[in-house]
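Chemist: here are the coordinates; sequence isn't available:
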């Protein structure tokens, strides 16, 4: 509940706890976490072998907590950058709603707990991969690459590519060619996805001094590399079908959506390097989210369809 006195908005004690919980949830980057949880869950669902539903739940929970832990530490380290960027300046740390030490402590504790949970609930291979994903995101991407190189999102994207491979390993206890293919799918999807965002948010990154590719190399080079990545992504997206793990239901979805992704990249490439490019880049960014969701959703649907036809 809120009330106004002398023109100043105040939050009552009754409303404050809910607001505080929301701030701590925001530290975990729930939007990023939702994508990580989704791809990790698909990895669990399509892996060969049997896993108890409760064990699968713990595995996905561990992936979610690991993602949130890395997000909280990322926000703690980048609070100075977030304070000067329009889209991030209202985050809990730059806005002063959460203390930096609290954010760091939450991130560290969740990191330890998530890896321990994965090890106890599933196996040490999955736990090691989860640990590697957290460490990679924090130390390689956030601390080392983000402020130093325009290739930050290319290399750093590996952290976000781990979840489907972690989910696969939680069931099988190993990493197969299909697990690697799913890793590469997310890894190669990440640069054109984030560079589309960076094209129409380049002023934000320039103001913060972050060397994103559009800021350092300009829009034209960024568009060229986006197109290259979508072309390379196409055969990788088909790899689960070509490897025989799933059938052509998934393969058809992957082919159609990958060709469409290339089409969006061509549209961005052909747009002038000024304000008119922003609309095309926004559309490609939004489609990139649909692209990854559609491909990963098609994987278990293909397996279900195959079992129905076989039965």
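Modeler: It's in. Source: prediction; values computed, not measured. Numbers count the residues shown, from 1 in each chain.
Chemist: Contacts only, for residue 230.
Modeler: Neighbouring residues of residue 230 by C-beta atoms under 8 Å, 6 or more residues apart in numbering: 192, 258, 261-262, 264-265. (Glycine included, C-beta is placed from N, CA and C.)
Chemist: Which ones among those lie within helices?
Modeler: When the contacts of residue 230 are checked against helices (DSSP state H), the matches are 192, 258, 261-262, 264-265.
Chemist: my guess is residue 63 meets residue 167, correct?
Modeler: Yes: look at residue 63 against residue 167 with C-beta atoms under 8 Å: they come within range, at 6.9 Å.
Chemist: Between the two, which contacts overlap?
Modeler: What both residue 63 and residue 167 touch, as defined by C-beta under 8 Å, 6+ apart, is the set residue 40.
Chemist: that older thread, can you tell me which of the ones in helices among the contacts of residue 230 has the most neighbours?
Modeler: residue 192 (29 neighbours; other C-beta atoms under 10 Å).
Chemist: Contact partners for that one?
Modeler: When the contact criterion is C-beta under 8 Å, 6+ apart, the partners of residue 192 are 225-226, 229-230, 233, 261, 265, 284, 288.
Chemist: Return the subset of these lying in helices.
Modeler: If you go by DSSP H, those have 225-226, 229-230, 233, 261, 265, 284, 288 in helices.
Chemist: quick one: low-confidence parts of this structure?
Modeler: Judged by pLDDT under 70, the chain has its weakly predicted residues at 1-18, 274-277, 311.
Chemist: Mind doing that once more with 80?
Modeler: Segments of the chain classed as low confidence (criterion: pLDDT under 80) are 1-19, 273-278, 307, 310-311.
Chemist: Just the endpoints, please. Distance across stretch 135-155?
Modeler: Stretch 135-155 has its terminal residues 13 Å apart, counting by C-alpha to C-alpha, to the nearest Å.
Chemist: what about it, distance to the chain center?
Modeler: Offset of stretch 135-155 from its chain centre (C-alpha atoms, centre = their mean, to the nearest Å): 14 Å.
Chemist: which residues touch that stretch?
Modeler: Applying C-beta under 8 Å, 6+ apart, the external contacts of stretch 135-155 come out as 70, 73-74, 77-78, 81, 156, 158-160, 162, 190-191, 194-195, 198, 209-213, 215-217.
Chemist: in that stretch, what counts as buried?
Modeler: Within stretch 135-155, the residues that count as buried by 16 or more other C-beta atoms under 10 Å are 136-138, 140-142, 145-146, 149-150, 152-155.
Chemist: Narrow these to those in helices?
Modeler: Among the buried residues of stretch 135-155, the members falling in helices (DSSP H) are 152-155.
Chemist: just the helices in the stretch 101-250 of the chain please.
Modeler: Secondary structure of the stretch 101-250 of the chain (DSSP state H, counting those that start in this stretch): helices at 124-135, 152-156, 158-172, 177-200, 202-208, 213-216, 219-237, 239-242, 248-270.
Chemist: Kindly indicate which of the ones in helices among the contacts of residue 192 lies nearest residue 113.
Modeler: Sorting the ones in helices among the contacts of residue 192 by distance to residue 113 puts residue 288 at the head of the list, at 31.6 Å, by C-beta to C-beta.
Chemist: ok, and the closest non-adjacent residue to that closest one?
Modeler: Ranked by C-beta to C-beta, 6 or more residues apart in numbering and with sequence neighbours excluded, the top spatial neighbour of residue 288 is residue 193, at 4.1 Å.
Chemist: My read is that that neighbour contacts residue 286, right?
Modeler: No: because the distance of 10.2 Å does not satisfy C-beta under 8 Å, residue 193 is recorded as not touching residue 286.
Chemist: Settle it for me: which of these two has more neighbours?
Modeler: residue 193 (25 against 13).
Chemist: count of neighbours near the nearest residue to residue 208 once chain neighbours are set aside?
Modeler: With C-beta to C-beta, 6+ apart as the measure, residue 81 is the residue that lies nearest to residue 208, at 4.6 Å, once sequence neighbours are left out. When counting by other C-beta under 10 Å, one arrives at 19 neighbours for residue 81.
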